[in-house]
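Novice: sequence isn't available, so here's the structure alone:
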(Lines give C-alpha, C1' and ligand atoms only; values in the text may rest on other atoms or scores of the structure.)
Protein backbone atom coordinates (compact mmCIF):
# COMPACT_ATOMS: atom_id res chain seq x y z
CA UNK A 1 0.00 0.00 0.00
CA UNK A 2 1.36 3.41 -0.99
CA UNK A 3 0.58 5.04 2.37
CA UNK A 4 2.52 2.37 4.24
CA UNK A 5 5.42 2.82 1.83
CA UNK A 6 5.39 6.58 2.40
CA UNK A 7 5.28 6.17 6.18
CA UNK A 8 8.17 3.68 6.09
CA UNK A 9 10.24 6.02 3.90
CA UNK A 10 9.46 8.88 6.26
CA UNK A 11 10.59 6.89 9.29
CA UNK A 12 13.86 6.03 7.50
CA UNK A 13 14.47 9.71 6.72
CA UNK A 14 13.92 10.60 10.37
CA UNK A 15 16.49 8.01 11.47
CA UNK A 16 19.06 9.48 9.08
CA UNK A 17 18.25 13.02 10.21
CA UNK A 18 18.61 12.04 13.88
CA UNK A 19 22.03 10.56 13.18
CA UNK A 20 23.10 13.90 11.71
CA UNK A 21 21.33 16.14 14.21
CA UNK A 22 20.11 14.46 17.42
CA UNK A 23 16.60 15.07 18.69
CA UNK A 24 17.86 17.05 21.70
CA UNK A 25 19.71 19.44 19.37
CA UNK A 26 16.82 20.06 17.00
CA UNK A 27 14.45 20.53 19.96
CA UNK A 28 16.74 23.20 21.38
CA UNK A 29 17.00 24.94 18.00
CA UNK A 30 13.24 24.93 17.42
CA UNK A 31 12.43 26.14 20.94
CA UNK A 32 14.97 28.96 20.66
CA UNK A 33 12.95 30.47 17.78
CA UNK A 34 10.16 32.97 18.48
CA UNK A 35 6.87 31.25 19.18
CA UNK A 36 4.48 31.44 16.25
CA UNK A 37 1.01 32.97 16.53
CA UNK A 38 -0.99 30.34 14.63
CA UNK A 39 -1.24 32.42 11.46
CA UNK A 40 -2.29 29.41 9.37
CA UNK A 41 -5.52 28.81 11.25
CA UNK A 42 -6.17 32.56 11.40
CA UNK A 43 -5.79 32.80 7.63
CA UNK A 44 -8.20 29.98 6.81
CA UNK A 45 -10.84 30.82 9.42
CA UNK A 46 -11.75 34.20 7.95
CA UNK A 47 -15.23 34.80 6.57
CA UNK A 48 -15.83 33.09 3.23
CA UNK A 49 -14.17 30.07 1.67
CA UNK A 50 -10.37 30.02 1.94
CA UNK A 51 -8.10 28.48 -0.68
CA UNK A 52 -5.01 26.52 0.37
CA UNK A 53 -3.06 26.11 -2.87
CA UNK A 54 -0.63 23.23 -3.10
CA UNK A 55 2.81 22.99 -4.65
CA UNK A 56 3.92 19.48 -5.56
CA UNK A 57 6.26 18.29 -8.26
CA UNK A 58 4.78 14.80 -8.59
CA UNK A 59 2.26 12.42 -7.04
CA UNK A 60 2.12 8.62 -6.63
CA UNK A 61 -1.07 8.40 -8.69
CA UNK A 62 -0.15 10.78 -11.55
CA UNK A 63 3.64 10.76 -11.61
CA UNK A 64 5.53 13.89 -12.63
CA UNK A 65 3.17 16.87 -12.74
CA UNK A 66 5.52 19.61 -13.83
CA UNK A 67 8.88 19.40 -15.63
CA UNK A 68 9.94 23.03 -15.24
CA UNK A 69 9.30 23.23 -11.51
CA UNK A 70 9.76 26.65 -9.91
CA UNK A 71 8.08 26.61 -6.48
CA UNK A 72 8.67 30.30 -5.75
CA UNK A 73 7.01 31.44 -8.96
CA UNK A 74 4.07 29.10 -8.39
CA UNK A 75 3.66 30.43 -4.86
CA UNK A 76 3.70 34.03 -6.06
CA UNK A 77 1.04 33.22 -8.67
CA UNK A 78 -1.09 31.50 -6.04
CA UNK A 79 -0.94 34.53 -3.76
CA UNK A 80 -1.68 36.92 -6.63
CA UNK A 81 -4.73 34.80 -7.46
CA UNK A 82 -6.05 35.09 -3.90
CA UNK A 83 -4.79 32.04 -2.02
CA UNK A 84 -5.08 32.29 1.77
CA UNK A 85 -2.25 29.81 2.39
CA UNK A 86 0.26 27.65 0.53
CA UNK A 87 0.86 23.92 1.00
CA UNK A 88 4.31 22.62 0.01
CA UNK A 89 4.98 18.90 -0.48
CA UNK A 90 8.37 18.07 1.04
CA UNK A 91 8.10 14.25 0.74
CA UNK A 92 10.96 13.20 -1.59
CA UNK A 93 10.32 9.58 -2.60
CA UNK A 94 6.97 9.64 -4.38
CA UNK A 95 6.17 13.36 -4.50
CA UNK A 96 9.74 14.46 -5.40
CA UNK A 97 9.52 17.09 -2.69
CA UNK A 98 12.33 18.80 -0.83
CA UNK A 99 12.60 20.80 2.39
CA UNK A 100 14.38 23.48 0.39
CA UNK A 101 11.20 24.12 -1.62
CA UNK A 102 9.45 25.17 1.58
CA UNK A 103 12.29 27.46 2.62
CA UNK A 104 12.27 29.12 -0.78
CA UNK A 105 8.49 29.56 -0.85
CA UNK A 106 8.46 30.96 2.69
CA UNK A 107 10.91 33.67 1.62
CA UNK A 108 8.69 35.05 -1.15
CA UNK A 109 5.09 34.87 0.10
CA UNK A 110 3.23 36.88 2.78
CA UNK A 111 0.73 34.08 3.50
CA UNK A 112 1.16 31.09 5.85
CA UNK A 113 2.84 27.91 4.58
CA UNK A 114 1.91 24.32 5.43
CA UNK A 115 4.57 21.63 5.39
CA UNK A 116 2.86 18.70 3.66
CA UNK A 117 4.69 15.53 4.60
CA UNK A 118 4.03 12.22 6.31
CA UNK A 119 4.61 12.90 9.99
CA UNK A 120 5.51 9.78 11.96
CA UNK A 121 7.83 11.27 14.60
CA UNK A 122 7.94 14.40 16.77
CA UNK A 123 11.32 15.17 15.15
CA UNK A 124 9.50 16.28 12.00
CA UNK A 125 7.51 18.91 13.90
CA UNK A 126 10.69 20.49 15.21
CA UNK A 127 12.08 20.29 11.66
CA UNK A 128 9.01 22.08 10.32
CA UNK A 129 9.43 24.91 12.83
CA UNK A 130 13.06 25.40 11.83
CA UNK A 131 12.14 25.33 8.13
CA UNK A 132 9.74 28.20 8.74
CA UNK A 133 6.49 26.26 8.34
CA UNK A 134 3.37 27.76 9.89
CA UNK A 135 1.56 24.41 9.96
CA UNK A 136 2.15 20.67 9.69
CA UNK A 137 0.04 17.77 8.47
CA UNK A 138 -0.91 14.96 10.87
CA UNK A 139 -2.60 11.98 9.20
CA UNK A 140 -4.88 9.95 11.47
CA UNK A 141 -4.23 6.74 9.53
CA UNK A 142 -0.54 6.92 10.44
CA UNK A 143 -0.84 7.93 14.10
CA UNK A 144 -2.49 6.77 17.29
CA UNK A 145 -4.90 9.07 19.08
CA UNK A 146 -2.27 9.53 21.79
CA UNK A 147 0.32 10.60 19.20
CA UNK A 148 -2.07 13.07 17.60
CA UNK A 149 -2.81 14.63 20.99
CA UNK A 150 0.90 14.81 21.80
CA UNK A 151 1.80 16.32 18.41
CA UNK A 152 -1.03 18.87 18.53
CA UNK A 153 0.28 19.88 21.96
CA UNK A 154 3.80 20.18 20.60
CA UNK A 155 2.55 22.37 17.75
CA UNK A 156 0.76 24.53 20.32
CA UNK A 157 4.00 24.90 22.26
CA UNK A 158 5.83 26.08 19.11
CA UNK A 159 2.97 28.30 17.91
CA UNK A 160 2.32 26.42 14.68
CA UNK A 161 -0.94 24.87 13.50
CA UNK A 162 -1.76 21.19 13.04
CA UNK A 163 -3.96 20.20 10.11
CA UNK A 164 -5.26 16.80 11.22
CA UNK A 165 -6.31 14.73 8.23
CA UNK A 166 -9.09 12.15 8.41
CA UNK A 167 -10.72 9.87 5.85
CA UNK A 168 -13.77 8.53 7.68
CA UNK A 169 -16.02 9.22 10.66
CA UNK A 170 -13.95 7.11 13.05
CA UNK A 171 -10.85 9.16 12.26
CA UNK A 172 -12.74 12.46 12.51
CA UNK A 173 -13.93 11.49 15.98
CA UNK A 174 -10.39 10.43 16.89
CA UNK A 175 -9.05 13.82 15.74
CA UNK A 176 -11.68 15.69 17.77
CA UNK A 177 -10.90 13.71 20.93
CA UNK A 178 -7.21 14.48 20.39
CA UNK A 179 -7.91 18.22 20.41
CA UNK A 180 -7.64 19.06 16.69
CA UNK A 181 -8.66 22.63 15.87
CA UNK A 182 -8.34 22.07 12.12
CA UNK A 183 -9.65 18.89 10.51
CA UNK A 184 -8.99 18.14 6.87
CA UNK A 185 -11.12 15.49 5.20
CA UNK A 186 -9.29 13.89 2.31
CA UNK A 187 -11.59 12.91 -0.52
CA UNK A 188 -8.82 10.71 -1.89
CA UNK A 189 -8.65 7.19 -0.55
CA UNK A 190 -4.95 6.81 0.30
CA UNK A 191 -5.18 3.04 -0.10
CA UNK A 192 -6.26 3.00 -3.75
CA UNK A 193 -6.13 6.76 -4.58
CA UNK A 194 -9.73 6.87 -5.82
CA UNK A 195 -11.55 10.19 -5.22
CA UNK A 196 -15.02 10.81 -3.77
CA UNK A 197 -15.92 14.46 -3.14
CA UNK A 198 -18.99 13.43 -1.17
CA UNK A 199 -16.67 12.26 1.60
CA UNK A 200 -16.31 15.88 2.75
CA UNK A 201 -20.04 16.44 2.48
CA UNK A 202 -20.83 13.35 4.57
CA UNK A 203 -18.32 14.16 7.31
CA UNK A 204 -18.96 17.90 7.61
CA UNK A 205 -21.86 17.32 10.00
CA UNK A 206 -19.63 15.32 12.35
CA UNK A 207 -17.30 18.29 12.94
CA UNK A 208 -18.51 21.07 15.27
CA UNK A 209 -18.68 24.58 13.75
CA UNK A 210 -15.91 25.94 15.97
CA UNK A 211 -13.43 23.46 14.43
CA UNK A 212 -12.05 24.58 11.05
CA UNK A 213 -13.08 22.16 8.31
CA UNK A 214 -10.87 21.73 5.22
CA UNK A 215 -11.90 19.68 2.17
CA UNK A 216 -8.91 18.12 0.43
CA UNK A 217 -8.39 16.51 -3.00
CA UNK A 218 -10.58 16.00 -6.03
CA UNK A 219 -11.85 19.60 -6.17
CA UNK A 220 -11.77 20.59 -9.82
CA UNK A 221 -14.83 22.64 -10.78
CA UNK A 222 -16.96 25.59 -9.69
CA UNK A 223 -19.75 23.10 -9.07
CA UNK A 224 -17.53 21.25 -6.59
CA UNK A 225 -16.88 24.54 -4.78
CA UNK A 226 -20.59 25.36 -4.77
CA UNK A 227 -21.37 22.00 -3.16
CA UNK A 228 -18.72 22.45 -0.47
CA UNK A 229 -19.76 26.02 0.34
CA UNK A 230 -23.38 24.89 0.66
CA UNK A 231 -22.17 22.37 3.24
CA UNK A 232 -20.35 25.00 5.32
CA UNK A 233 -16.78 23.96 4.44
CA UNK A 234 -14.30 26.59 5.68
CA UNK A 235 -11.40 25.95 3.30
CA UNK A 236 -10.34 23.83 0.34
CA UNK A 237 -6.92 22.40 -0.40
CA UNK A 238 -6.35 22.25 -4.15
CA UNK A 239 -3.21 21.00 -5.86
CA UNK A 240 -3.21 19.34 -9.23
CA UNK A 241 -6.01 21.45 -10.73
CA UNK A 242 -3.88 24.55 -10.16
CA UNK A 243 -0.51 22.92 -10.87
CA UNK A 244 -1.66 21.87 -14.34
CA UNK A 245 -3.33 25.21 -15.12
CA UNK A 246 -1.88 27.41 -17.86
CA UNK A 247 -3.38 30.45 -16.11
CA UNK A 248 -3.67 30.08 -12.34
CA UNK A 249 -5.54 33.33 -11.77
CA UNK A 250 -8.11 32.41 -14.41
CA UNK A 251 -8.55 28.92 -12.97
CA UNK A 252 -9.00 30.30 -9.45
CA UNK A 253 -11.57 32.79 -10.74
CA UNK A 254 -13.48 29.98 -12.47
CA UNK A 255 -13.46 27.95 -9.25
CA UNK A 256 -14.69 30.98 -7.35
CA UNK A 257 -17.63 31.07 -9.71
CA UNK A 258 -19.02 28.38 -7.43
CA UNK A 259 -19.03 30.64 -4.40
CA UNK A 260 -22.59 31.34 -3.36
CA UNK A 261 -24.23 32.91 -0.35
CA UNK A 262 -25.34 30.34 2.20
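Specialist: Structure's in. What do you need? Source: prediction; values computed, not measured. Numbering: from 1, shown residues only.
Novice: thought residue 215 was touching residue 200?
Specialist: Yes: with contacts counted by Cβ atoms under 8 Å, residue 215 reaches residue 200, the gap being 3.9 Å. For every residue, glycine as well, the C-beta is placed using N, CA and C.
Novice: quick one, helices of the stretch 151-262 of the chain?
Specialist: Along the stretch 151-262 of the chain, the stretches classed as helices by DSSP state H, counting those that start in this stretch are 169-177, 198-204, 222-230, 240-243, 248-256.
Novice: who are the packing partners of the fourth one?
Specialist: The helices and strands touching helix 240-243, judged by 3 or more Cβ pairs under 8 Å, 6 or more residues apart in numbering; DSSP states H and E, are strand 50-55, helix 248-256.
Novice: what of the last one?
Specialist: For helix 248-256, the helices and strands in contact under the criterion 3+ Cβ pairs under 8 Å, 6+ apart are helix 71-80, helix 222-230, helix 240-243.
Novice: mean confidence score for the second one?
Specialist: pLDDT averaged over helix 222-230 equals 93, rounded to a whole number.
Novice: buried residues in it?
Specialist: Residues 224, 225, 226, 227, 228, 229 are the ones in helix 222-230 that count as buried (16 or more other Cβ atoms under 10 Å).
Novice: thinking again about what came up before, among the helices of the stretch 151-262 of the chain, which is nearest residue 73?
Specialist: Minimum separation from residue 73 across these (Cβ to Cβ) falls at helix 248-256, 10.1 Å.
Novice: show me what counts as buried in that closest one.
Specialist: 248, 251, 252, 255.
Novice: any idea how far that helix is from the chain center?
Specialist: 20 Å (Cα atoms, centre = their mean, to the nearest Å).
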